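Colleague: sequence first, then the predicted structure, then my questions.
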Amino acid sequence: MFQVTIRHAGHKDVELLVMLGYTTFHETFAPMNDPANMLIYLSEHYNPTRMMSELQDERNVFIIAESDGAGVAYAKLCRGSVKEGFDPLKTLEIERIYVLQQYQAKKVGKALMEYILKYAAGLGIEDVWLGVWEHNDKAISFYEHCGFEVFGSHDFVFGNEVQNDLLMKKKLL
């Protein structure tokens with residue numbers, strides 16, 4: 001029977017987070033995007049130096065989902081990110097949540113999201129929000145199923161291109 005465990009990441013997880021980030025982002029977006037922009041984005045965002053810097057930022061929390069001791073998904077949460085209309089002290093951004101393609105049908109994303117929402121509620125967070133590419137229908141549907149609603153959009157710089165992300169939120173309290 002398939003089981004998943006979820007834990008907070010630490011500095012020792014840098015290489016695992018780089019691998020998960022690089023692989024899941026590429027699996028999700030490479031088929032629909034320019035390869036040159038993909039290479040620029042991946043090299044800038046998924047390297048050990050950048051990941052260590054993100055891990056050392058006290059506003060960030062990384063969470064890893066594992067099966068049989070192997071990382072299969074991760075999330076990056078950010079406290080205090082400022083968005084108009086939100087109290088930064090009572091708001092949590094899900095900056096990244098990605099699952100390796102081969103595990104997506106095994107409800108790993110659902111388990112990770114449930115963990116995140118419970119974690120946020122335990123911190124007294126009132127609003128959880130995220131950005132999702134407007135063409136990522138699968139993710140948008142997942143977030144809607146989790147109770148998130150669209151409240152706006154913003155630009156997302158992807159290599160040499162500017163794309164549009166939908167902003168979605170969920171009220172916890």
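Modeller: Yep, it's here.
Colleague: which residues are in contact with stretch 67-77?
Modeller: 2-5, 9, 13, 16-17, 19-21, 24, 54, 60-66, 92-100, 103, 106, 108-109, 112, 116, 119-120 (CB atoms under 8 Å, 6 or more residues apart in numbering). No exception for glycine: its C-beta is placed from N, CA and C like everyone else's.
Colleague: narrow the residues you listed to those in strands?
Modeller: Members of the contacts of stretch 67-77 lying in strands (criterion: DSSP state E): 5, 60-66, 92-99.
Colleague: bridging residues for the residue nearest to the spatial centre of the chain?
Modeller: Central residue of the chain (CA atoms, centre = their mean): Arg96, 1.4 Å from the mean position. Assessed by DSSP bridges, Arg96 has beta-bridge partners Lys76.
Colleague: contacts only, for it.
Modeller: Taking CB under 8 Å, 6+ apart as the test, what Arg96 contacts is Gly21, Tyr74, Ala75, Lys76.
Colleague: what two of these are the furthest from one another?
Modeller: The distance between the two most remote of these (CB to CB) is 10.7 Å, for Gly21 and Ala75.
Colleague: what's the overlap in contacts for those two?
Modeller: By CB under 8 Å, 6+ apart, the residues touching both Gly21 and Ala75 are Arg96, Tyr98.
Colleague: which one is Gln101 nearest to, not counting chain neighbours?
Modeller: Glu27 (4.6 Å; CB to CB, 6 or more residues apart in numbering).
Colleague: that should have said Ala121, apologies.
Modeller: Ala121's closest residue in space is Leu172 (CB to CB, 6+ apart), at 5.2 Å.
Colleague: what's the neighbour count on the one you found?
Modeller: 17 (other CB atoms under 10 Å).
Colleague: repeat that for Thr23.
Modeller: 16.
Colleague: from what I can see the residue nearest to Gln101 touches Tyr103, true?
Modeller: No. Counting by CB atoms under 8 Å, Glu27 does not reach Tyr103; the two are 10.8 Å apart.
Colleague: neighbour-wise, which of these two wins?
Modeller: Shown here are Glu27 and Tyr103; by other CB under 10 Å, Tyr103 has more neighbours (18 against 15).
Colleague: gap between the more buried one and Ile97?
Modeller: 13 Å (CB to CB, to the nearest Å).
Colleague: same question for Leu17.
Modeller: For Leu17, the distance to Ile97 - CB to CB - is 13 Å.
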